[in-house]
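>>> No sequence on hand, only this structure:
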């Protein structure tokens, strides 16, 4: 009776970049011990991620939580096939990253002027110049540099960000040497049709440049946005285990799209992520003690969709033929 | 620079059936006073819903929380254009509903055998016979009867439910007089490609019969599922303000798709729901005191996507030209 109706679908396989150790831990109040960070990355390495953003080589003064960036990078076990990346804000950070064998850098600036000033304390043009510097030095080392464009789908201060501004900035950064672009929904303002549109436009504008989508679940739309991006051909997604992370400028905001929810959804749809859900859920189960705060986790609470329950005990008595 | 790329899109206008007063309140521990229920429905009436499921004419012994069904129906203000529906489990309930002027009935049975037995304490065939009775009596009164098929996307006891079983049951119920069918993801097991497929198949099988999709956000996929259904032509959605509701047989499960998140997302996408977000958020703000428990509400916490924040105070000093 059933037809073979299917939804518009994307690639049969996607890649997930786990950003929890960096994007998640950087705003936690609890100072996570270095050995626990290393254990976290090692556990994530065994889950099957394409990439893990391990840490950030920012000034320890700016982000004390990640002051141990070099020790973490030195301490982790490098699993073959996994790319270990780190955020780098300037050439000094690049040098520190080089000393400990980071394989790929992630640079960051905002698509909107006010967010760039508030978050990075520079104008966008100053940030572009800084990033161009880093891209130049990284090129001499043959080091790939992805650039994450914050507030690509909206700015908590400026509101809507013109898609043309985002695309023009992406174009300039690729021309300056960026090996990939991540379109970031920093405060969860993206909605599905917008994600589809900007993703498609970025891919059309930058053929050959991998485009990654970075989503937050602030307004519940993270998974809907992920499907929308996938439907137009996006195959790379950032995500943070347990939905860690957030944005200091978006009060009340929840964090990144939860890796386990992204993995679970795509697995249900038959899309390969390479990530095994069971060990990932083990990692997620340990996060509250790692960051020393409770947070609800719907998928952990409910279990994967086919984790069925035993029927009520009275059922067998009431329906003896069952 | 931007192209006119858009995602596969559905209808420009959808309808929302607010089920919070029935599906939400029925499992709350707190006994909500009758006048508060009436005030809730009246406030929802002013939000612009197509339908509001007001209450349930089940035995007061089975669901004490809704024992005041007749008083609630008598007490509410009927706003022209809004259809006030109620759940009815048997002919006795139908008679009670008729006495107080319910405009449309919602009948319920499960797509899976074990859930039907656990939830309704009957086999599916017994339920089908009961529903056929009600449909027959309702027809003599010219009363439209929608049938909600629980566990249409999966059963917490039986696991996957064959789509053919769901469709065959829907077909039999329409033949028996059902005026509409709701496919219910009772415990949040649905995923986007499945929702698209079953929605499309149900529409193809039952042309002229309105198909409604009832989603839960148990595993974070509610909004993604809503978009998937909309993309294949579904225009009717159940939702509960504040994401109230759940399923007693799915421990740890979160509730229905939150009406405010559904309205917000479709509004962002330019799809008309008829529902105004601001008064709806006022209703949602009052829910914790109504049901006497705290629950987090992401959209209330973060605000609608364009509810921008003032930049940090130090910004003007640091960038005097700003």
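Ah, there it is. Quick caveat, the model's predicted, so the values are computed rather than measured.

>>> switch to C-alpha atoms for all contacts and neighbour counts from now on
OK.

>>> Going by neighbour count, which residues of stretch A:151-170 are buried?
Neighbour counts over stretch A:151-170 (16 or more other CA atoms under 10 Å in any protein chain shown) mark A:151-161, A:163, A:166-170 as buried.

>>> what does that stretch contact?
A:110-115, A:149, A:181, A:183-187, A:189-190, A:194-195, A:198, A:201-202, A:205, A:249-250, B:1-2, B:306-311 (CA atoms under 8 Å, 6 or more residues apart in numbering or on different chains).

>>> List buried members of those residues by neighbour count.
With burial judged by 16+ other CA under 10 Å, the buried subset of the contacts of stretch A:151-170 is A:110-115, A:149, A:181, A:183-187, A:189-190, A:194-195, A:198, A:201-202, A:205, A:249-250, B:2, B:308, B:311.

>>> Just the ones of these in helices?
In this view, the buried ones among the contacts of stretch A:151-170 that belong to helices under DSSP state H are A:113-115, A:194-195, A:198, A:201-202, A:205.

>>> Now narrow these to whatever sits close to chain B.
A:114, A:194, A:201 (CA under 8 Å from any CA of the partner chain).

>>> where do the strands sit along the stretch 1-150 of chain A?
Counting by DSSP state E, counting those that start in this stretch, the stretch 1-150 of chain A has strands at residues A:15-18, A:51-56, A:83-87, A:104-110, A:145-150.

>>> Tell me which residues touch the closest residue to residue A:145 other than its chain neighbours, please.
Once flanking residues are discounted, residue A:145 sits nearest to residue A:105: 4.7 Å by CA to CA, 6 or more residues apart in numbering or on different chains. With contact set as CA under 8 Å, 6+ apart, residue A:105 has these partners: A:85-88, A:143-146.

>>> Tell me the bridge partners for residue A:105.
Counting by DSSP bridges, residue A:105 forms beta bridges with residue A:86, residue A:145.

>>> if I look at it, how far off is residue B:213?
Computed as CA to CA, to the nearest Å, the residue A:105 to residue B:213 distance reads 44 Å.

>>> do the same with residue A:260
Residue A:260 is 25 Å from residue B:213, by CA to CA.

>>> Same question for residue A:230.
Separation of residue A:230 from residue B:213 (CA to CA): 23 Å.

>>> so what's the residue of chain A found nearest chain B up against?
Scanning chain A for proximity to chain B using CA to the nearest CA identifies residue A:224 as nearest, at 3.7 Å. Neighbour list for residue A:224: A:191-192, B:221, B:223-225, B:227 [criterion: CA under 8 Å, 6+ apart].

>>> and of the residues you listed, the nearest to residue B:125?
Nearest to residue B:125 among these: residue B:225, at 29.5 Å, using CA to CA.

>>> surely residue A:77 meets residue A:42?
Yes: taking CA atoms under 8 Å as the definition, residue A:77 is a contact partner of residue A:42 at 6.0 Å.

>>> pLDDT weak spots in chain A?
A:1-5, A:247-253, A:321-322 (pLDDT under 70).

>>> and the nearest residue to residue A:71 once chain neighbours are set aside, how many residues sit next to it?
Of all residues not flanking residue A:71 in the chain, residue A:34 sits nearest, at 7.2 Å (CA to CA, 6+ apart). Neighbourhood size, residue A:34 [other CA atoms under 10 Å in any protein chain shown]: 17.

>>> And residue A:34, how far from residue A:27?
16 Å.

>>> again, but for residue A:94
Distance from residue A:94 to residue A:27, by CA to CA: 22 Å.

>>> Those two: which has the busier surroundings?
Applying other CA under 10 Å to residue A:94 and residue A:27 shows that residue A:94 carries more neighbours, namely 23 against 18.

>>> shouldn't the more buried one be in contact with residue A:59?
No: look at residue A:94 against residue A:59 with CA under 8 Å: they stay out of range, at 11.5 Å.

>>> right, and residue A:60 touches residue A:66 too?
Yes: assessed by CA under 8 Å, residue A:60 is found in contact with residue A:66 at 6.7 Å.

>>> who has more neighbours, the two?
Set residue A:60 next to residue A:66 and count neighbours by other CA under 10 Å: residue A:66 wins out with 27 against 13.

>>> on that earlier part again, just name the closest of the contacts of residue A:224 to residue A:243, please.
residue B:221 (14.2 Å).

>>> Need the phi and psi values for that closest one.
phi -100, psi 10 (degrees, to the nearest 10).

>>> residues in contact with it?
By CA under 8 Å, 6+ apart, the contact list for residue B:221 reads A:223-224, A:265, B:188, B:190-192.

>>> any idea which residue sits dead centre in chain A?
Compute the mean C-alpha point of chain A, and by CA atoms, centre = their mean the closest residue is residue A:238, 2.5 Å away.

>>> Can you confirm whether the helix or strand hosting that one lies near chain B?
Secondary structure from DSSP states H and E places residue A:238 in strand A:236-239. No: contact of strand A:236-239 with chain B (CA under 8 Å from any CA) is absent, the minimum separation being 14.0 Å.

>>> Could you list every helix and strand in contact with whichever helix or strand comes after that strand?
With elements assigned by DSSP H and E, the helix or strand that comes after strand A:236-239 is helix A:259-268. If contacts are counted by 3 or more CA pairs under 8 Å, 6 or more residues apart in numbering or on different chains; DSSP states H and E, helix A:259-268 sits against helix A:222-231, helix A:277-291.

>>> and with 7 Å instead?
Applying 3 or more CA pairs under 7 Å, 6 or more residues apart in numbering or on different chains; DSSP states H and E, one finds that helix A:259-268 contacts helix A:277-291.

>>> Quick check: residues of the stretch 51-200 of chain A near chain B?
Within the stretch 51-200 of chain A, the positions lying close to chain B (CA under 7 Å from any CA of the partner chain) are A:118, A:156-159, A:164, A:189, A:191, A:193, A:196-197, A:200.

>>> before we move on, the earlier item: which pair in the contacts of residue B:221 has the greatest spatial separation?
A:224 and B:188 (14.8 Å).

>>> returning to that earlier point: correct me if wrong: the residue nearest to residue A:71 contacts residue A:72.
Yes: counting by CA atoms under 7 Å, residue A:72 is a contact partner of residue A:34 at 6.2 Å.

>>> Which of the contacts of residue B:221 sits closest to residue B:274?
Taking CA to CA as the measure, residue B:274 lies nearest residue A:224 of the contacts of residue B:221, at 21.4 Å.

>>> show me what contacts residue A:203?
The contact partners of residue A:203, by CA atoms under 7 Å, 6 or more residues apart in numbering or on different chains, come to residue A:211.

>>> brain fart, residue A:258
Contacts of residue A:258 (CA under 7 Å, 6+ apart): A:239-243.

>>> would a markdown table of these with neighbour count and distance to residue A:300 be doable?
Putting these into a markdown table (neighbours: other CA atoms under 10 Å in any protein chain shown; distance: CA to CA, whole Å) gives the following:
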| residue | neighbour count | distance to residue A:300 |
| --- | --- | --- |
| A:239 | 31 | 16 |
| A:240 | 31 | 15 |
| A:241 | 25 | 11 |
| A:242 | 29 | 9 |
| A:243 | 23 | 12 |
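
>>> Between which two of those residues is the distance greatest?
The widest separation within the contacts of residue A:258 (CA to CA) is 9.1 Å, between A:239 and A:242.

>>> Now the common contact residues for these two.
Taking CA under 7 Å, 6+ apart as the contact rule, residue A:239 and residue A:242 both touch A:258-259.

>>> Just the residues contacting the longest helix along chain A, thanks.
Scanning chain A for the longest helix, with DSSP H as the assignment, gives helix A:124-140. Residues outside helix A:124-140 that contact it (CA under 7 Å, 6+ apart): A:90-91, A:107, A:109, A:113, A:116, A:145, A:176-178.

>>> I'd like those residues as TSV, with distance to residue A:283 appended.
Output for the contacts of helix A:124-140, formatted as TSV (distance: CA to CA, whole Å):
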residue	distance to residue A:283
A:90	31
A:91	33
A:107	27
A:109	30
A:113	37
A:116	33
A:145	28
A:176	38
A:177	35
A:178	32
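
>>> Great, nothing more from me.
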